[in-house]
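Undergrad: Sharing a model prediction with you, sequence too.
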Amino acid sequence: MPSISSASIRSRRAGVLWLLATLTGGMSLMYLRSHAYMPGNAAATANAILADVLAYRFAIVGALVSQLAMLFLALELYRVFAPVARTLARVLLVSMAISVALACANQLPNMIALLLLGPEPYLQVFTQAQRETLVLLLLRVQNGVGQGLLEIFWTPFYMALGLLVLRTRALPRVLGLLLVLMGTGFAVNILDKLLAPQLYPAEFTQLAMALGALGALPTMLWLLVRGLALPLAGGDAADA
């Protein structure tokens, strides 16, 4: 079992990684969805990308940096919680690892879109309108189904983290409850997107994001400022 001092350092390191992931991922998502992706307008989407290619590339890199930070965040949390609740800690780590892999793959449509708008001669077999339409389709997949697939694994990650908080009393119990609620919100949002997309998907997404802010932001700030309450409560490490 790690010492109290090493676990305290890891918990604060987790807060730093979470902050890095939030800043880089948030700025990337804001740029790609607000400045590059124009739903329903292929020409405007292509023009927005070409208007500032460097910023578009930075947004892709920011998204990838965010995912690496989330992976190391999950690893730090696993190292802290595994000695007292190994099964839940494994669920947390595996869920985030799969989500990160899917999120990195989900940046491929953004990269391909940039290639489609490039000057390569072999692309001249497509008309400009066809290329722009393909770009819009790629970004729609990236922001829709692609995002939904990786969010599937946010549900077990945040629910496992919430249950770990409740079990070990490492953080205030209200934060554990908010994290479980956050995971539930993502599950409802995903089911709506996949099974009943006609039922106000934008509203469900906004609800999931609001629950995410209520759960993730205070937990992140608590880790940064206070760290985990140590030593952790809990029973057998093999018990979930």
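TA: Everything's here; your move.
Undergrad: which stretches of the chain have low pLDDT?
TA: 1-5, 7, 192-212, 230, 233-240 (pLDDT under 70).
Undergrad: Can you name the next helix or strand after the helix or strand residue 110 falls within?
TA: Taking DSSP states H and E as the definition, one finds residue 110 inside helix 108-116. Scanning forward in sequence from helix 108-116 by DSSP H and E, the next helix or strand is helix 128-141.
Undergrad: by contact count, what packs against that following helix?
TA: With contacts taken as 3 or more Cβ pairs under 8 Å, 6 or more residues apart in numbering; DSSP states H and E, helix 128-141 sits against helix 42-51, helix 108-116. All C-beta spots, glycine's among them, are computed from the backbone N, C-alpha and C.
Undergrad: tell me what the helix or strand just after it is packed against?
TA: Moving toward the C-terminus from helix 128-141, the next helix or strand (DSSP H and E) is helix 147-151. In this structure, helix 147-151 makes packing contacts with helix 86-105, helix 173-195, judged by 3+ Cβ pairs under 8 Å, 6+ apart.
Undergrad: follow-up on the earlier one: now the helix holding residue 110 against helix 128-141, angle please.
TA: 170 degrees (axes from the mean of the first three to the mean of the last three Cα atoms, to 10 degrees).
Undergrad: by how many degrees do helix 108-116 and helix 42-51 diverge?
TA: 80 degrees.
Undergrad: Restrict helix 108-116 to CA atoms and write it as CSV.
TA: Taking C-alpha atoms only, helix 108-116 is exported to CSV below (Å, rounded to 0.1, in the frame of the first residue of the first chain):
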residue,chain,number,x,y,z
LEU,A,108,-9.2,11.1,-37.6
PRO,A,109,-12.3,12.7,-39.3
ASN,A,110,-10.9,16.1,-38.5
MET,A,111,-7.5,15.2,-40.0
ILE,A,112,-9.1,13.6,-43.1
ALA,A,113,-11.2,16.7,-43.6
LEU,A,114,-8.1,18.8,-43.7
LEU,A,115,-6.5,16.5,-46.3
LEU,A,116,-9.7,16.7,-48.4
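Undergrad: Can you spell out which helices and strands pack onto that helix?
TA: Secondary elements touching helix 108-116 (3+ Cβ pairs under 8 Å, 6+ apart): helix 53-81, helix 128-141.
Undergrad: For residue 220, which of those helices is the nearest?
TA: Closest of the helices and strands packed on helix 108-116 to residue 220 is helix 53-81, at 9.4 Å (criterion: Cβ to Cβ).
Undergrad: Quick check: the gap between residue 41 and residue 139.
TA: 11 Å (Cβ to Cβ, to the nearest Å).
Undergrad: who's more crowded, the two?
TA: Remark: of residue 41 and residue 139, residue 139 carries more neighbours, 25 against 13, as counted by other Cβ atoms under 10 Å.
Undergrad: Can you pull the phi and psi angles for the nearest residue to the more buried one once chain neighbours are set aside?
TA: In this structure, residue 139 finds its nearest non-sequential neighbour in residue 37, 4.6 Å apart by Cβ to Cβ, 6 or more residues apart in numbering. Dihedral pair for residue 37: phi -100, psi 120, per degrees, to the nearest 10.
Undergrad: For residue 37, give me its contacts.
TA: By Cβ atoms under 8 Å, 6 or more residues apart in numbering, the contact set of residue 37 is 45, 48, 139, 140, 143.
Undergrad: just to revisit the earlier point, distance to residue 64 and mean neighbour count added to the helices and strands packed on helix 128-141, as JSON lines?
TA: Shown next, in JSON lines, are the helices and strands packed on helix 128-141 (distance: least, Cβ to Cβ, whole Å; neighbours: other Cβ atoms under 10 Å):
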{"stretch": "helix 42-51", "distance to residue 64": "18", "mean neighbour count": "18"}
{"stretch": "helix 108-116", "distance to residue 64": "10", "mean neighbour count": "17"}
